[in-house]
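> quick one: sequence and predicted model below, then my questions.
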Amino acid sequence: MTDILRIAEHLLAHPKCSAAQIANALADPRITRSVVNSALYRRQDIFEQFDDQPPVWAVRADSEATVRSWFDSSHAARTSDAEVYAGPPLRAWQDEALRTWSGNDHRAVVEAVRGTGKTVLGIAAVAEALAHGHRVVVVVPDAARLEHWIATTRTTLPGRAVGGLGGSTESLPTRGEVLVVTAKAAAQLRPDTESARASALVVDEIQDYAAGAYPKLLLDHYEWRLGLATTAERHDDIIETVVHPYFGAVINGCDHPRAVREAILPRVRVLRVAVRLGERETQRLQHIDERMARATDTLVGTYGAPESSRREFDAYARLLADATGPSARIAARYLDAVMDRDAILADCEQKMLLVRQLPVRALARTRTVLFAGRASSAGQVVQALTESGMRAARVGAGVSASERDEIVRRLRDGDLSAIVESRVLDQAVAIPDLRVGVVLATTRTERQLAHRLGRIMRPDATSPPILLIAHLPGTSENPRDEAGAQDAYLASIAEEVSTADLAEMAAVLERWLADSNRPDTRDRATPDPTAPPTAAPPTPARSAPARPTPALLANSRSTLTPPSAATAEQPLSPEFSSPKFSTPQVSPARDTGIVAEFCGALTDRGGIGTAEELGDIIGLTDQTGLAAAVEAAAAAARLHFYSLDTDFEDLLLLSVSTGGTPNERDRASRLVAEWINAADPLAGLHGLMSDIRPVRVPARRLVQIAAFVRGVTPTALL
């Protein structure tokens with residue numbers, strides 16, 4: 001029963017109650033006085049207010065018959081839900097989130113960390129939509145998630161026709177009461193037929209799509225809307241300006257503390273290791289801190305920057321930097337100093353020493369992920385591990401799809417013991433037997449911490465995962481400073497929190513790793529009912545490591561093995577269909593038509609652009625396909641690409657039509673990338689155009705690209 005139904009039911013029996021009285025009577029911790037007030041004022045077509053102090057409410061006389069009819073239909077729907085859904089029982093957080101979504105007119109984004117059962121929640125919402133007569137479109141990031149969703153949906157919703165669009169196999173039916181589609185395929189649904197017939201939308205991993213995909217996915221005719229998110233945050237303002245207005249509420253489904261309390265995820269062991277800056281590093285940091293302090297004083301004293309929190313202050317500084325005038329220059333100086341400080345903290349010498357002193361023999365028995373601050377740092381970490389005798393590889397920027405597949409194979413085959421990630425949200429490889437995380441990068445936000453924990457905290461863990469955090473006392477990485485809030489967060493999920501110096505670190509890790517056979521402390525009397533079943537990993541024949549290919553990023557999601565469907569394929573509904581693609585589908589890398597269209601779009605825009613920008617223009621939103629198209633175009637010597645060092649993975653593209661030799665285009669790409677990330681790019685625009693000669697690109701395109709990468713409009717940049 002939705003919140004509105006429960007409120008109406010109470011007021012029919014007890015008219016003229018205040019919001020506080022209603023909340024107390026319902027005795028549901030989720031339905032607070034604020035929730036009741038919101039529902040009463042939002043639905044004044046149902047509820048009538050009387051001007052007492054505080055206001056009291058009743059069901060409107062002309063709405064009583066309508067409300068009573070809802071109780072009958074609600075009972076029928078609940079009975080129908082039970083007949084539709086045949087999946088595992090919902091966990092407490094899933095049931096609460098589903099009820100809250102229902103009470104919010106079936107519109108919300110639900111946040112839950114990895115491994116807690118977002119897919120099961122999504123399928124339960126699909127079942128509720130089907131029970132109410134809706135057809136459903138489910139949008140997923142990639143083909144792996146598509147196949148996983150289809151197989152799981154068929155298993156848990158037997159008797160319902162489930163179709164799919166966007167996968168690489170011909171066997172997927174493209175009709176059904178539930179249609180699971182990739183973002184690229186969703187953008188090609190005909191609005192006058194297929195997608196218009198669906199009235200419910202579920203979007204998996206709502207935070208992960210290209211900016212240009214959202215207008216094509218979030219269409220107005222969907223009455224019921226559910227977004228599923230690991231974290232409802234991005235590098236740009238899409239969540240605030242597009243996702244929140246479309247879906248409405250954001251529901252806190254399940255964070256790590258709750259997952260640990262309810263035995264969904266295992267407790268973690270945390271080891272904090274203090275490292276020190278060298279003398280020259282300390283001097284440089286002191287100089288940068290002085291620059292930051294001067295800029296901070298001016299921004300607070302002259303321009304009204306908030307002092308309540310560092311996060312609010314930084315957001316205010318970024319806002320000022322997007323404007324013009326003296327305030328913009330001061331804000332730019334502050335942000336420039338922040339970048340310089342982060343570079344020193346990320347690349348300090350003792351962090352590399354820590355990497356070299358890791359207990360390689362003990363770590364060889366498991367798998368390790370190391371989080372570096374920047375792409376350049378990640379390369380240094382891989383080199384240090386290799387010199388210590390540990391086989392490691394880097395993932396993220398500059399890794400092609402074929403290299404990523406080879407990394408997965410080597411991890412499964414035991415040829416690799418570690419991977420190094422240079423981005424907060426890299427999820428390019430699924431790592432078997434992953435137990436240890438080493439954080440070298442600064443972790444300032446809960447989003448970053450949750451992502452890194454999500455890499456090692458898994459529902460199928462047989463022993464406590466280990467998180468090693470390197471930090472610099474006396475800096476912003478000091479857990480006693482701004483990161484102090486992380487202490488409480490980690491303490492709530494940790495089995496043990498220890499501190500050590502570099503000399504003690506290896507012994508602590510060896511002791512913890514030797515304890516790997518200790519049984520999991522969670523109650524595991526029965527298997528986890530919401531974890532998707534997985535097949536045993538393949539055991540391919542050993543082969544030599546793939547020869548490195550040109551740096552390409554394919555920011556795809558983790559490789560998932562879909563469960564086998566437990567039921568026979570169902571008859572397909574003739575009422576809800578999707579357009580057929582030519583079969584078999586052609587990989588973008590081999591499709592000369594897509595490559596020609598991609599390069600044509602680049603030439604039309606002055607010979608310069610970003611991969612994500614051009615993908616949005618031609619409708620190629622799948623990250624793996626996009627990377628393949630760039631790789632094919634580069635192999636045909638039609639463009640040059642360069643990885644942008646930003647908070648999200650993208651490539652700067654230069655057409656050969658811009659002139660110059662390959663080396664000159666490479667140099668121009670590097671200069672443009674540095675200019676894009678500068679504190680005040682417009683001030684250096686004319687100098688840049690002179691520096692990149694003989695390569696020639698329009699100035700207006702440089703401004704557009706800088707704005708696109710920064711997540712603002714060209715007007716805001718100007």
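Perfect, thanks for sending it. Numbers count the residues shown, from 1 in each chain.
> from the recorded domain assignment, give the ranges for the chain.
Segmentation of the chain into domains, based on automatic domain parsing, reads 3-66, 88-254, 268-276+348-514, 279-333, 592-717.
> quick one, which of the ones you listed is packed in tightest?
Among these, domain 88-254 has the highest mean neighbour count (mean count of other Cβ atoms under 10 Å), at a mean of 21. Every residue, glycine included, has its C-beta placed from N, CA and C.
> what about that one, how long is it end to end?
End-to-end span of domain 88-254 (Cα to Cα, to the nearest Å): 17 Å.
> distance of residue 475 from residue 150?
Between residue 475 and residue 150 the distance is 48 Å, computed by Cβ to Cβ, to the nearest Å.
> next: residue 53.
Note on residue 53: its distance to residue 150, by Cβ to Cβ, is 56 Å.
> residue ranges for the strands of the stretch 201-350 of the chain, please.
Along the stretch 201-350 of the chain, the stretches classed as strands by DSSP state E, counting those that start in this stretch are 224-229, 249-254, 268-274.
> export those strands to JSON lines and tack on mean pLDDT and distance to residue 300?
Listed next are the strands of the stretch 201-350 of the chain as JSON lines, based on pLDDT from 0 to 100; distance: least, Cβ to Cβ, whole Å:
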{"stretch": "strand 224-229", "mean pLDDT": "94", "distance to residue 300": "34"}
{"stretch": "strand 249-254", "mean pLDDT": "90", "distance to residue 300": "30"}
{"stretch": "strand 268-274", "mean pLDDT": "93", "distance to residue 300": "31"}
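> now the ones you listed in JSON lines, with distance to residue 61?
Output for the strands of the stretch 201-350 of the chain, formatted as JSON lines (distance: least, Cβ to Cβ, whole Å):
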{"stretch": "strand 224-229", "distance to residue 61": "30"}
{"stretch": "strand 249-254", "distance to residue 61": "30"}
{"stretch": "strand 268-274", "distance to residue 61": "57"}
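> so which of these is nearest residue 136?
Across those, residue 136 has its closest neighbour in strand 224-229 (8.1 Å, Cβ to Cβ).
> the next helix or strand after the closest one - what's its average pLDDT?
Counting by DSSP states H and E, the element after strand 224-229 in chain order, helix or strand, is helix 238. Averaged across helix 238, the pLDDT comes to 78.
> strands of the stretch 601-718 of the chain, start to end?
Going by DSSP E, counting those that start in this stretch, the stretch 601-718 of the chain shows strands at 608-610, 639-643, 651-655.
> which of these has the lowest average pLDDT?
Among the strands of the stretch 601-718 of the chain, strand 639-643 carries the lowest mean pLDDT, a mean of 84.
> which strands border it, and is each parallel or antiparallel?
Strand pairing for strand 639-643, determined by DSSP bridges: strand 651-655 (antiparallel).
> what's the strand it pairs with in contact with?
Residues from elsewhere that reach strand 651-655 (Cβ atoms under 8 Å, 6 or more residues apart in numbering): 552-553, 599, 602-603, 607-611, 614, 630, 638-644, 665, 668-669, 672-673, 676, 695, 697, 705.
> list phi and psi for residue 464.
Main-chain dihedrals, residue 464, degrees, to the nearest 10: phi -60, psi 130.
> then residue 200?
According to degrees, to the nearest 10, residue 200 has phi -130, psi 140.
> same question for residue 184.
Backbone torsions for residue 184, taken as degrees, to the nearest 10, come to phi -60, psi -40.
> what pLDDT does it get?
Looking at residue 184, its pLDDT stands at 80.
> from residue 638, how far out is residue 650?
Counting by Cβ to Cβ, the gap from residue 650 to residue 638 is 19 Å.
> any chance of the domains of the chain in JSON lines, with distance to residue 262 too?
Conversion of those to JSON lines gives the following (distance: least, Cβ to Cβ, whole Å):
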{"stretch": "domain 3-66", "distance to residue 262": "16"}
{"stretch": "domain 88-254", "distance to residue 262": "7"}
{"stretch": "domain 268-276+348-514", "distance to residue 262": "11"}
{"stretch": "domain 279-333", "distance to residue 262": "29"}
{"stretch": "domain 592-717", "distance to residue 262": "32"}
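> what's the closest of those domains to residue 261?
Closest approach to residue 261 among the domains of the chain is made by domain 268-276+348-514 (8.1 Å; Cβ to Cβ).
> now the closest one, how far from the centre of its chain.
Distance of domain 268-276+348-514 from the chain centroid (Cα atoms, centre = their mean, to the nearest Å) equals 19 Å.
> also stretch 701-710?
23 Å.
> mind exporting the C-alpha coordinates of it to CSV?
Only the C-alpha atoms of stretch 701-710 are listed here, as CSV (Å, rounded to 0.1, in the frame of the first residue of the first chain):
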residue,chain,number,x,y,z
ARG,A,701,35.6,24.7,-31.6
LEU,A,702,38.3,25.0,-28.9
VAL,A,703,35.9,27.0,-26.7
GLN,A,704,33.1,24.5,-27.4
ILE,A,705,35.3,21.5,-26.5
ALA,A,706,36.6,23.1,-23.3
ALA,A,707,33.0,23.9,-22.2
PHE,A,708,31.9,20.3,-23.1
VAL,A,709,34.7,18.7,-21.1
ARG,A,710,34.1,21.0,-18.1
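> show me the shaky parts of the stretch 301-450 of the chain.
By pLDDT under 70, the low-scoring segments of the stretch 301-450 of the chain are 396-401, 423-432, 444.
> circling back to that earlier point, between the strands of the stretch 601-718 of the chain, which one is closest to residue 500.
Comparing the strands of the stretch 601-718 of the chain against residue 500 with Cβ to Cβ, the closest turns out to be strand 639-643 (35.1 Å).
> put the alpha carbons of that closest one into PDB.
Taking Å, rounded to 0.1, in the frame of the first residue of the first chain, the C-alpha atoms of strand 639-643 are listed here in PDB:
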ATOM      1  CA  LEU A 639      42.500  10.700 -37.000                       C
ATOM      2  CA  HIS A 640      44.700  11.100 -34.000                       C
ATOM      3  CA  PHE A 641      43.500  10.600 -30.400                       C
ATOM      4  CA  TYR A 642      44.800  11.700 -27.000                       C
ATOM      5  CA  SER A 643      43.500  10.800 -23.500                       C
END
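> re earlier: same list (the strands of the stretch 601-718 of the chain) but as JSON lines, adding distance to residue 274.
Converted to JSON lines, those look like this (distance: least, Cβ to Cβ, whole Å):
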{"stretch": "strand 608-610", "distance to residue 274": "40"}
{"stretch": "strand 639-643", "distance to residue 274": "32"}
{"stretch": "strand 651-655", "distance to residue 274": "37"}
